[in-house]
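Colleague: Mind looking at a prediction? Sequence and model below.
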Amino acid sequence: MWGAARAEMRYRTRNKKSGRELYPLNVIKDGVKSTRNVLFKDALKIIELPIFKPPAALSGEVAPDRIECISKDQFVLVEKREDLAARIGVDEVYPPDFDPDIFARFIAKCSLGYAVERYGIDAFESFYVQSAILGKTNGIGRWVGSPDFRELPIRKTPMSGGFRILLDNNVLVRIKLFPRFDGAEYVTVVGKMKQFHADQYRLMKGGNEAVNA
């Protein structure tokens, strides 16, 4: 969903792009919706970031089977949708569709990777998000959501993150995608840290991420 936008910002990608790379473009012409494959110059360079409720594990609510997108942040690069539509001769250009559950599982996967990189896999007693990431269970909204406020700084990187060890030793990872735009942030309750490791972080100088209140 961010292919053309990432290319516009010159972010690295797994696959080398050629000058003839095609990008899907959703259009409406004469009331008919269709998807065209267009060259980069005609692609919609857009970033949409869904906004969710806070994780149910933190709010105390019951997590629904499917996570709900309650709002979006939208950033259009280079050319407005209406200008692009007029230039290529269609009535409307609209953003790509996406599945909120798949997006939330992507956030959970990134958060789990960050947590394991920071603390090591042996520091954890259990991982809450593993089965949801693999699509084996529903209710990803129990562990993944959007915070009530944004706190990570603006940076020219594809992603930034922060960490918190809660009183019950649950590990909370905060992620900000495309932080240059100061867009939506996400929090994931990735799992429970072993008591010994949590205590060590609380004793460490500068271990402010292990909260005591």
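Modeller: Received, thanks. Numbering: from 1, shown residues only.
Colleague: Would you double-check that residue 102 falls in a helix?
Modeller: Yes. Assigned with DSSP: H, G, I helix; E, B strand; the rest coil, residue 102 falls within a helix.
Colleague: Would you point out which residue is most central in the protein?
Modeller: In the chain, the residue lying closest to the centroid (C-alpha atoms, centre = their mean) is residue 107, at 4.5 Å.
Colleague: tell me the domain boundaries of the chain?
Modeller: According to automatic domain parsing, the chain comprises the domains 3-48+72-94, 100-203.
Colleague: what's the most buried one of those domains?
Modeller: Highest mean neighbour count of those: domain 100-203, a mean of 18 (counted as mean count of other C-beta atoms under 10 Å). Backbone N, C-alpha and C define where each C-beta goes, glycine included.
Colleague: ends of it, how far apart?
Modeller: Distance between the two ends of domain 100-203: 39 Å, counting by C-alpha to C-alpha, to the nearest Å.
Colleague: And for stretch 131-138?
Modeller: This stretch, stretch 131-138, spans 9 Å end to end (C-alpha to C-alpha).
Colleague: Residues touching that stretch, excluding its own?
Modeller: 65-66, 101, 105, 108-109, 112, 139-140, 143 (C-beta atoms under 8 Å, 6 or more residues apart in numbering).
Colleague: mind listing the strands for this protein?
Modeller: With DSSP state E applied, the chain shows strands at 22-29, 32-39, 46-52, 69-76, 92-94, 124-127, 144-145, 159-165, 170-177, 185-193, listed in chain order.
Colleague: how about the ones you listed in JSON lines, adding distance to residue 10 and mean pLDDT?
Modeller: As requested, these are exported to JSON lines (distance: least, C-beta to C-beta, whole Å; pLDDT from 0 to 100):
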{"stretch": "strand 22-29", "distance to residue 10": "15", "mean pLDDT": "94"}
{"stretch": "strand 32-39", "distance to residue 10": "17", "mean pLDDT": "95"}
{"stretch": "strand 46-52", "distance to residue 10": "14", "mean pLDDT": "94"}
{"stretch": "strand 69-76", "distance to residue 10": "16", "mean pLDDT": "93"}
{"stretch": "strand 92-94", "distance to residue 10": "23", "mean pLDDT": "94"}
{"stretch": "strand 124-127", "distance to residue 10": "34", "mean pLDDT": "96"}
{"stretch": "strand 144-145", "distance to residue 10": "29", "mean pLDDT": "97"}
{"stretch": "strand 159-165", "distance to residue 10": "15", "mean pLDDT": "93"}
{"stretch": "strand 170-177", "distance to residue 10": "17", "mean pLDDT": "96"}
{"stretch": "strand 185-193", "distance to residue 10": "24", "mean pLDDT": "97"}
